[in-house]
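Participant: have a look at this prediction, sequence included:
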Amino acid sequence: MIRRGVWIAMVCAVATPAYAWSPETNYRLHCEGCHLADGSATPGKVPALAGSVARFAGSAEGRAYLVRVPGVANAALSDADLAALLDWTLRRFDAGHLSPDFAPYTADEVGRLRREPLVDVSAARQHLLGSP
């Protein structure tokens, strides 16, 4: 005999449709709390996306950094949805710094990179920006 609570959970799991949100909606749900609606960030805590984020996308190491930041790597999104969100974010907040040969993120690339979130985000960022 199935317990009532388990039965309800099973019915809800089957009856609840899977939603595929747009990258913009995913940004609002998963990123905007820290990076704000305009990508300007939380001063002293979270760096701005606007006017700077695409500079990281120009190298393999920078691309990996963007995926491995813990808030990105641990987002409750599929690899494909996260790839779409990263691409949207780059184009929305820093299209002017995207290389003409920019290759969009793929679900496979995101899946591979997000398995190892960064431990020291500040050090990785400073290294990529060439800061001491």
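Facilitator: That came through fine.
Participant: secondary structure element holding the closest residue to A37 other than its chain neighbours?
Facilitator: Leaving aside its sequence neighbours, A37 sits nearest to R28 (C-beta to C-beta, 6 or more residues apart in numbering; 7.7 Å). In this view, the C-beta of every residue, glycine as well, is placed from N, C-alpha and C. Per DSSP states H and E: R28 is located in helix 23-30.
Participant: what about this protein, any weak spots by pLDDT?
Facilitator: Scanning the chain for pLDDT under 70 picks out 1-19, 132.
Participant: most centrally placed residue in it?
Facilitator: V72 (3.7 Å; C-alpha atoms, centre = their mean).
Participant: looking at this, that residue is in a helix?
Facilitator: Yes. Using DSSP: H, G, I helix; E, B strand; the rest coil, the assignment for V72 is a helix.
Participant: separation between D38 and E61?
Facilitator: Distance, D38 to E61, using C-beta to C-beta, to the nearest Å: 27 Å.
Participant: just S131 next, same as before
Facilitator: To E61, S131 is 15 Å away according to C-beta to C-beta.
Participant: one more: Y27?
Facilitator: Taken as C-beta to C-beta, the span from Y27 to E61 is 24 Å.
Participant: who has more neighbours out of the two?
Facilitator: Comparing Y27 with E61 by neighbour count (other C-beta atoms under 10 Å), the higher total belongs to Y27, at 20 against 11.
Participant: who's in contact with that one?
Facilitator: Contacts of Y27 were listed using C-beta atoms under 8 Å, 6 or more residues apart in numbering, and they are L85, W88, T89, R92.
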